[in-house]
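>>> sequence first, predicted model second:
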Amino acid sequence: MSGKTQQLSESVVIRSLRRFRDTYFPNSGFVGKSDLTSVEDRDELQPGFLDSLPVDVQFLIMAYLSPADICRLGATSQYWRAMVRDRLLWRYFLLRDMPYWTSIDHLSMPQLELLDAPLINADESLDDREEGDDKGMESRLDYMSEYLKGCPSCRQQWLPSRPAYEVVTSFLQSLVASAEPRYAMFGPGMEQLDVSLVRRLMHAPDVLPVSGTPHRQINGIGSGISYLFNNQHKFNILTLYSTNRAERERARLQQQSISNKLFSLEGTDDSGQRIYVPAPQVQQVCQVVDGFIYVANAEPGKGEGESEVAQIRALLSAAGGSASRPLLVLSCISREEAEAVCRNTARCRTSCVYMAKRLGLPKLANPWMVQDTVAESLSGLLDGISWLLRCSGVKLVGS
């Protein structure tokens, strides 16, 4: 979690909720400033048990609910409909939960500048969120929408259901043999971690069975290894190491950086950013693969910042200018234990949202996804591969 992002205490949110209720719900009954004209309508809007609880208790209830349950709570009455739309409430949820999201992509990435914006003052909150008064709300900071758009569980929850005929069609299409997608995999996470992600991939038949090493060359630098996803869909991964195995192992043990032979540094641009050019054989590979897998080192204090951004852009540019080729970022740590030790303090990995920011992914034209992955257990890997195959046009049964 970035230390620059403002934190939001529970007391600030509770004050916001209390101020709104005291202004518009003095009896926990009616939303809006105008008086009810009908006695029957007034009787229909008598406060319920939850409505009459202290605001701090109501906040604690909402804090333990899932986002989907909070939305359902808002559908129970006008009172809760207004309360669950509090902008400070959802800003609090964003700051609290975003470091623990396991994936993010080009469609769901939250606008981090919203979290850097100044807090609203004491006279602003839901006070101006009367029912039927949406004027000017489009220009306000909608933390609720940002949360529901980005939260992995919410993204799955709100996906539209597929018609039955589409499911049947996808199943039939899956029976037809299609070209084997090829992906170039590169990045410091392949070389810096204590556990080798590539080796684990080659010896994990329960996760991704190896379907063979094709007897063909891809532009003279090897054929990669073919894997079988869901025991059905073949795809090929070509690993692009920055140097040979002996140099990688020596640099890893000595905690030193190594000369990257995939790129050559051509200088800097007008803004001082480094300009990298892929080696000729790497450029040839980039022109024939269907997408890219970047293995990032998500362990604390790791990452090369501007160099990573420049190298990713250089490889995507070498793909012939096609903005349709997807980029999967595996935000990788070595072992699960590192997270368990830090669970009660700070998460011992760079969160997927801030990994996307670190790598400059929101500025890319290509579709991209960041998926938290653990090298030892390969947790999270299948979710990332599933996204990558769908982006390449592979029809997955049940997706």
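Good, I have the coordinates. Residues are numbered from 1 along each chain as shown.
>>> show me where the stretch 1-150 of the chain has its strands.
103-105 (DSSP state E, counting those that start in this stretch).
>>> swap in the stretch 201-350 of the chain?
Using DSSP E, counting those that start in this stretch, strands in the stretch 201-350 of the chain cover 210-212, 225-229, 233-239, 263-268, 274-278, 291-297, 327-333.
>>> looking at those strands, which is buried most?
Highest mean neighbour count among those (mean count of other CB atoms under 10 Å): strand 327-333, with a mean of 27. C-beta coordinates here come from the backbone N, C-alpha and C atoms, glycine included.
>>> for that one, name the packing helices and strands.
strand 291-297, helix 352-358, strand 368-374, helix 381-391 (3 or more CB pairs under 8 Å, 6 or more residues apart in numbering; DSSP states H and E).
>>> now these as JSON lines including distance to residue 282?
Formatted as JSON lines, those follow (distance: least, CB to CB, whole Å):
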{"stretch": "strand 291-297", "distance to residue 282": "11"}
{"stretch": "helix 352-358", "distance to residue 282": "23"}
{"stretch": "strand 368-374", "distance to residue 282": "20"}
{"stretch": "helix 381-391", "distance to residue 282": "20"}
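>>> of these, which stretch is the most buried?
Highest mean neighbour count among the helices and strands packed on strand 327-333 (mean count of other CB under 10 Å): strand 368-374, a mean of 27.
>>> which residues sit against it?
Outside of strand 368-374, the residues within contact range by CB atoms under 8 Å, 6 or more residues apart in numbering are 102-106, 197, 296, 298, 326-336, 349, 352-353, 355-356, 359, 361, 379-381, 383-384, 387-388.
>>> picking that back up, residue 80: which of the helices and strands packed on strand 327-333 is closest?
Nearest to residue 80 among the helices and strands packed on strand 327-333 is helix 352-358; the distance by CB to CB comes to 28.7 Å.
>>> now do that closest one, average pLDDT.
In this model, helix 352-358 has a mean pLDDT of 95.
>>> just stretch 377-393 next, same as before
95.
>>> now it, how far from the chain's geometric center?
13 Å (CA atoms, centre = their mean, to the nearest Å).
>>> ditto for stretch 179-194
19 Å.
>>> quick check: buried residues in it?
When neighbours are counted by 16 or more other CB atoms under 10 Å, the buried residues of stretch 179-194 are found to be 181-193.
>>> before we move on, the earlier item: how about the strands of the stretch 201-350 of the chain in a markdown table, adding distance to residue 371 and mean pLDDT?
Shown next, in a markdown table, are the strands of the stretch 201-350 of the chain (distance: least, CB to CB, whole Å; pLDDT from 0 to 100):
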| stretch | distance to residue 371 | mean pLDDT |
| --- | --- | --- |
| strand 210-212 | 21 | 85 |
| strand 225-229 | 14 | 93 |
| strand 233-239 | 15 | 92 |
| strand 263-268 | 24 | 86 |
| strand 274-278 | 24 | 89 |
| strand 291-297 | 10 | 96 |
| strand 327-333 | 6 | 97 |
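>>> let me have these in CSV, adding distance to residue 146 as columns.
Output for the strands of the stretch 201-350 of the chain, formatted as CSV (distance: least, CB to CB, whole Å):
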stretch, distance to residue 146
strand 210-212, 41
strand 225-229, 32
strand 233-239, 33
strand 263-268, 34
strand 274-278, 32
strand 291-297, 23
strand 327-333, 20
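>>> for those, which one sits closest to residue 60?
Nearest to residue 60, of all the strands of the stretch 201-350 of the chain, is strand 327-333, at 32.0 Å by CB to CB.
>>> can you list the weak-confidence ranges in the protein?
Across the chain, the ranges flagged by pLDDT under 70 are 1-7, 28-47, 119-140, 156-178, 214-223, 244-259, 321, 337-347, 398-399.
>>> quick test: name the residue nearest the centre of it.
Among the residues of the chain, the one closest to the centroid is residue 104, at 1.3 Å (CA atoms, centre = their mean).
>>> ok, that residue - contacts?
110, 150, 352-353, 356, 369-370.
>>> out of the strands of the stretch 201-350 of the chain, flag the one nearest residue 76.
Comparing those by CB to CB, strand 327-333 comes nearest, at 38.0 Å.
>>> now do the buried residues in stretch 147-154.
147-152, 154.
>>> quick one, longest helix in the protein?
Longest helix in the chain, counting residues (DSSP state H): helix 10-24.
>>> could you say what helices and strands that one packs with?
Contacts defined by 3+ CB pairs under 8 Å, 6+ apart place helix 10-24 against helix 55-64, helix 78-83, helix 87-97.
>>> for residue 93, see how far away residue 397 is.
Distance from residue 397 to residue 93, counting by CB to CB, to the nearest Å: 34 Å.
>>> same question, residue 301
Counting by CB to CB, the gap from residue 301 to residue 93 is 28 Å.
>>> now swap in residue 189 and tell me
Taken as CB to CB, the span from residue 189 to residue 93 is 30 Å.
>>> about what we covered before: more neighbours: residue 397 and residue 93, which one.
Using other CB atoms under 10 Å as the criterion, residue 397 and residue 93 rank with residue 93 on top: 22 against 14.
>>> just give the nearest non-adjacent residue to that one, would you?
residue 147 (5.5 Å; CB to CB, 6 or more residues apart in numbering).
>>> what's the spacing between that neighbour and residue 273?
From residue 147 over to residue 273 (counting by CB to CB), the distance is 32 Å.
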